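Undergrad: kindly return the folded structure for what I paste below:
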Amino acid sequence: MRRLRDGDFGSWYAVLGLVLLCVFFGIARPRFLSATNIANLFPQGAAVVLIAMGLIFVLLLGEIDLSAGFASGVCGAVMAVLLTDHGWRWFTAIPVALLCGLAIGFVLGLLVAKLGIPSFVVSLAGFLAFQGVLLVLLSGGRNVSIHDPFVLALANRNIPPAPSWALAAIAVAGYAVTQLLRVRGRAVRGLATDPMGIVAARIGGLAVLLFAAVAVLTQERSVNPQAISVKGVPIVAPIVAVFLIVWTFVLGRTTYGRHVYAVGGNPEAARRAGIAVDRIRISVFVIGSFMAAVGGIIAASRANSVDPNSGGSNVLLYAVGAAVIGGTSLFGGKGRMLGAVIGGAVIAVIDNGMGLMGLSPGTKYIFTGVVLLLAASVDALSRRRGISAGVR
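TA: Just a heads-up that it's a prediction; the model follows:
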């Protein structure tokens with residue numbers, strides 16, 4: 001409540017918007033809340049969420065990466081070409097694609113940090129150049145189909161019901177242990193701790209959310225269950241969850257994460273405090289392009305192929321929108337990894353719900369643009385109110 005009074009809205013307005021959107025589309029089109037449609041939302045928004053996770057690191061420094069969309073397409077194309085044209089297996093093709101993402105991020109970060117070229121210019125050049133690289137990889141514009149069962153399963157298959165329940169239970173138990181250890185650790189050091197009622201509410205809330213989701217997703221979704229059964233949590237959901245946990249830990253529990261926030265808040269003060277600002281700048285672009293590569297692999301899996309438009313169209317805009325809608329500040333220094341998931345969910349719900357209502361793509365773009373503008377306005381007003389309150 002204190003943070004809200006000070007203007008730090010975080011992701012709360014995005015959560016409220018997500019709930020209202022789900023209620024609206026659920027009433028307008030009851031099919032929106034069906035198990036089949038809810039399951040479709042996961043692979044539909046996964047690539048955007050994963051790319052947005054990487055962009056959050058870049059945005060925390062007040063920088064921008066306009067090349068993330070086509071960088072994801074290039075990395076997905078590298079994997080597809082190696083799998084289809086050269087007969088590689090997934091366990092060699094996927095690492096090479098990820099290494100391409102790391103290399104792209106290192107070059108971008110080096111140009112920004114060491115040569116002092118604005119990130120807007122560097123990433124805009126990458127945006128244009130990677131389109132050409134994609135055309136070269138695909139020999140002038142051909143479509144490369146993917147047939148590897150493992151890669152196709154990433155965005156198109158489900159975890160069986162029993163393991164789905166087990167994963168949910170493990171997630172709740174792990175979160176409970178983490179929360180209790182945090183309370184104990186702070187108490188041992190003589191620091192203020194959250195009341196146990198609040199801790200129990202967090203654990204209980206996560207348990208209700210996860211078990212309700214699993215209960216819905218383990219329902220039979222096949223129109224012909226006798227021929228083929230479709231039920232269980234989509235495989236892509238725990239993939240997103242793993243990256244969410246890892247990057248949340250990195251930003252919130254490591255020295256590196258504190259340095260990222262410090263550089264984003266005040267680069268000069270961070271430099272005087274002994275933080276290697278240039279290294280931090282390079283590293284966030286490396287992480288951003290790495291996550292773009294992960295998103296490109298998931299997108300290629302969902303489409304079963306790559307083409308010259310992979311990573312293009314609205315991919316970058318949706319990824320940036322997901323980060324901003326989720327509460328990441330465009331001014332740097334403020335944002336959480338969970339915001340990428342919430343913002344990505346908002347965009348996926350808008351796209352899916354308006355599609356079910358039969359609205360035109362133009363209407364969807366207009367509405368999504370308005371939502372993004374509102375999120376940016378909240379960010380600007382939050383920053384102004386925070387400065388007035390003396391907390392920024």
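Undergrad: okay, strands next: where are they in the stretch 201-350 of the chain?
TA: Applying DSSP state E, counting those that start in this stretch to the stretch 201-350 of the chain gives strands spanning 233-234, 305-306.
Undergrad: mind putting those strands in a markdown table, mean neighbour count included?
TA: (C-beta placed from N, C-alpha, C; glycine too.) Output for these, formatted as a markdown table (neighbours: other CB atoms under 10 Å):
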| stretch | mean neighbour count |
| --- | --- |
| strand 233-234 | 24 |
| strand 305-306 | 23 |
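Undergrad: okay, now the domains of the chain?
TA: Listed by automatic domain parsing, the domain ranges of the chain are 2-157+235-389, 158-234.
Undergrad: what about residue 173, neighbour count?
TA: Neighbours of residue 173 under the rule other CB atoms under 10 Å: 12.
Undergrad: contacting residues around stretch 330-341?
TA: With contact meaning CB atoms under 8 Å, 6 or more residues apart in numbering, stretch 330-341 is reached by 8, 10-11, 14, 49, 52-53, 55-56, 59-63, 240, 244, 247-248, 251-252, 261, 264-266, 322-329, 376, 379, 383.
Undergrad: could you verify that residue 366 is part of a strand?
TA: No: counting by DSSP: H, G, I helix; E, B strand; the rest coil, residue 366 is not found in a strand; it is helix.
Undergrad: pLDDT score for it?
TA: pLDDT for residue 366: 86.
Undergrad: ok, how many other residues are close to residue 61?
TA: Applying other CB under 10 Å, we find 23 residues neighbouring residue 61.
Undergrad: for it, what are its contacts?
TA: By CB under 8 Å, 6+ apart, the residues touching residue 61 are 260, 263-264, 267, 280-281, 284, 332.
Undergrad: ramachandran angles for it?
TA: The phi/psi pair for residue 61 (degrees, to the nearest 10) reads phi -90, psi 0.
Undergrad: how about the residue nearest to it when sequence neighbours are not counted, what does it touch?
TA: Sequence neighbours aside, residue 264 is the residue nearest to residue 61 in space, at 4.7 Å (criterion: CB to CB, 6 or more residues apart in numbering). Counting by CB under 8 Å, 6+ apart, residue 264 makes contact with 60-62, 332-334.
Undergrad: closest to residue 133 out of these?
TA: Checking the contacts of residue 264 against residue 133 by CB to CB gives residue 61 as the nearest, at 25.5 Å.
Undergrad: ok, that closest one to residue 320 distance?
TA: The gap separating residue 61 from residue 320 is 15 Å, by CB to CB, to the nearest Å.
Undergrad: okay, the spatially most central residue of the chain: pLDDT?
TA: Among the residues of the chain, the one closest to the centroid is residue 49, at 2.5 Å (CA atoms, centre = their mean). Looking at residue 49, its pLDDT is 95.
Undergrad: using a markdown table, please lay out the strands of the stretch 201-350 of the chain together with distance to residue 77.
TA: Supplementary listing: the strands of the stretch 201-350 of the chain in a markdown table, determined by distance: least, CB to CB, whole Å:
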| stretch | distance to residue 77 |
| --- | --- |
| strand 233-234 | 24 |
| strand 305-306 | 5 |
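Undergrad: residue 92 is nearest to which of the ones you listed?
TA: Between the strands of the stretch 201-350 of the chain, strand 305-306 lies closest to residue 92; by CB to CB that is 17.5 Å.
Undergrad: quick revisit: filter the contacts of residue 264 down to the buried ones.
TA: Taking 16 or more other CB atoms under 10 Å as the criterion, what is buried in the contacts of residue 264 is 60-62, 332-334.
Undergrad: in those, find the pair that's most separated.
TA: Maximum distance among these (CB to CB): 11.4 Å, for 61 and 334.
Undergrad: identify the residues contacting residue 64.
TA: Taking CB under 8 Å, 6+ apart, we find residue 64 in contact with 58, 119-120, 123, 320.
Undergrad: can you pick the most crowded of those residues?
TA: When neighbours are counted by other CB under 10 Å, residue 58 leads the contacts of residue 64 with 30 neighbours.
Undergrad: and that residue, that one's in a helix?
TA: Yes: under three-state DSSP, residue 58 sits within a helix.
Undergrad: hmm, residue 234 is touching residue 218, no?
TA: No: contact between residue 234 and residue 218 fails when scored by CB atoms under 8 Å: they sit 11.5 Å apart.
Undergrad: how far away is the residue nearest to residue 61 from residue 258?
TA: Going from residue 264 to residue 258 by CB to CB gives 11 Å.
Undergrad: residue 247 too?
TA: Plainly put, residue 247 is 14 Å away from residue 258 if you go by CB to CB.
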